[in-house]
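Student: Structure for this input, please:
(one chain, ligands or ions: 1)
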Amino acid sequence: MKDGGKKEVLDLDRFKKFMEGRTGVDHLSLALFILSIVLVVIGSLFRWSILRFISLVPLVWCYYRALSKNKIKRHQENILFLKYWYPIQTRLMNRYRQLKARRAYRYFKCKECGQQLRVPRKKGKIEITCPKCRHTFIKRT
Ligand SMILES: [Zn+2]
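Tutor: Numbers count the residues shown, from 1 in each chain. Prediction:
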């Protein structure tokens, strides 16, 4: 029991030493890892063995990047990845927030100016005034 614990510490030290000077897992590597898993799952669901084979490509790339000692190059790749990823992430987050808000709000379009209006649900029949053009209409929420 005691020896087992000691061995674990030693293994951790060896691992730390092994990872010294290497890139480790960054955003791009994590994305590659997730992509690989997604491909495996899709490949398994639809029994496309070719997809399961292709899933090895991002996985190997992920390991290659994590173990790479060329930190500067890997960092540049990560920055480039994030430049494209962050706008997508922002859009997905906004879409998710909107979907979640649909439980609490109803959305209407102003007939006069096309402005999208958000009103709380379950308030019965209410008069809605468009804040942009002051057009008013009655809707059930
Ligand atoms: Zn309006």
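Student: What ranges in this structure fall below the confidence cut-off?
Tutor: Confidence mapping of the chain against pLDDT under 70 gives the ranges 1-6.
Student: can you map out the helices along this structure?
Tutor: Secondary structure of the chain by DSSP state H: the helices cover 2-19, 27-45, 49-54, 56-67, 71-101.
Student: helices or strands next to the fourth one in the packing?
Tutor: Applying 3 or more CB pairs under 8 Å, 6 or more residues apart in numbering; DSSP states H and E, one finds that helix 56-67 contacts helix 27-45. In short, each C-beta sits where N, CA and C put it, glycine included.
Student: and the helix it packs on, what does it pack onto?
Tutor: Applying 3+ CB pairs under 8 Å, 6+ apart, one finds that helix 27-45 makes contact with helix 49-54, helix 56-67, helix 71-101.
Student: among those, which is the most enclosed?
Tutor: Relative to the other members of the helices and strands packed on helix 27-45, helix 56-67 carries the highest mean neighbour count by mean count of other CB atoms under 10 Å, namely a mean of 16.
Student: would you put the C-alpha positions of that one in PDB?
Tutor: Listed next in PDB are the C-alpha coordinates belonging to helix 56-67 (Å, rounded to 0.1, in the frame of the first residue of the first chain):
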ATOM      1  CA  LEU A  56      -7.200   8.900 -35.800                       C
ATOM      2  CA  VAL A  57      -5.900  11.800 -37.800                       C
ATOM      3  CA  PRO A  58      -7.000  14.600 -35.300                       C
ATOM      4  CA  LEU A  59      -6.100  12.300 -32.400                       C
ATOM      5  CA  VAL A  60      -2.500  11.700 -33.600                       C
ATOM      6  CA  TRP A  61      -2.300  15.500 -34.400                       C
ATOM      7  CA  CYS A  62      -3.500  16.300 -30.900                       C
ATOM      8  CA  TYR A  63      -0.800  14.100 -29.300                       C
ATOM      9  CA  TYR A  64       1.800  15.400 -31.700                       C
ATOM     10  CA  ARG A  65       1.000  19.000 -30.700                       C
ATOM     11  CA  ALA A  66       0.900  18.200 -27.000                       C
ATOM     12  CA  LEU A  67       4.200  16.400 -27.000                       C
END
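Student: Thanks a lot, see you next time.
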